[in-house]
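Novice: need a structure here:
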Amino acid sequence: MSTNKDISDLTTQIKSAVEGLVFISETDSPMELFILPAADQETRENKISHFKISLGRPIEELSVEPFFARLVIDREWHTEQQSQDVKKFRHLKALLEANLRDLRVFKVGHIRIDIYVVGIDPNGEIMGIRTNAVET
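Specialist: Got it, this is the predicted structure:
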């Protein structure tokens, strides 16, 4: 079982990893850490209920790989800043995968989309990052 110090360290690491990162879509949105109380069961419905999301909105669940796919690839046309962001996204992905189990991505909505990269921390709490996108 993890200690509160371990979770505090993980929280600090994730906050640092997302600092300055922007998810680019038709709008640019910052990424931020969130932590929610432990779910009784590690199911999609329980995780989503913690977000207090209207289940009337479309919900797409996917694995972490497709979400991070375009964010972690260097392109020859990248500026220096974009190359640095790719490294930061790689670090963030590795940090989440190493410390959160049952890691999934939920895209909620249509056109204006709330994105949650969600996992279970070592204490059983729901932890992850969130951002927004506009996709037309």
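Novice: and the residue positioned nearest the centre of the chain, what are its bridge partners?
Specialist: Per CA atoms, centre = their mean, the C-alpha nearest to the average position across the chain is that of residue 117, at 2.8 Å. Beta bridges link residue 117 to residue 105, residue 129, judged by DSSP bridges.
Novice: tell me which element the closest residue to residue 75 other than its chain neighbours is part of?
Specialist: What sits nearest to residue 75 in space, not counting adjacent residues and going by CB to CB, 6 or more residues apart in numbering, is residue 82, at 7.6 Å. C-beta coordinates here come from the backbone N, C-alpha and C atoms, glycine included. Element membership of residue 82 [criterion: DSSP states H and E] is helix 80-99.
Novice: Report all helices and strands that the helix or strand containing residue 131 contacts.
Specialist: Element membership for residue 131 (DSSP H and E) is strand 126-134. Applying 3 or more CB pairs under 8 Å, 6 or more residues apart in numbering; DSSP states H and E, we find strand 126-134 packed against helix 4-18, strand 22-24, strand 28-30, strand 32-36, helix 80-99, strand 112-120.
Novice: okay, and the helix or strand of this structure with the least pLDDT?
Specialist: Across the helices and strands of the chain, mean pLDDT, DSSP states H and E gives its lowest value to helix 44-50, namely a mean of 61.
Novice: re the thing from before, please identify the deepest-packed of the helices and strands packed on strand 126-134.
Specialist: When you average the neighbours per residue for each of the helices and strands packed on strand 126-134 (mean count of other CB atoms under 10 Å), strand 112-120 leads with a mean of 20.
Novice: same for that strand, what does it pack against?
Specialist: For strand 112-120, the elements it packs on are helix 64-68, helix 80-99, strand 101-108, strand 126-134, judged by 3+ CB pairs under 8 Å, 6+ apart.
Novice: between those, which gets nearest to residue 31?
Specialist: Proximity to residue 31 (CB to CB) singles out strand 126-134 among the helices and strands packed on strand 112-120, at 4.6 Å.
Novice: Give me the residues contacting that closest one.
Specialist: Contact with strand 126-134 is made by 10-11, 14, 18, 23, 25-27, 29-39, 47, 50, 92, 96, 100, 103, 107, 111-121, as judged by CB atoms under 8 Å, 6 or more residues apart in numbering.
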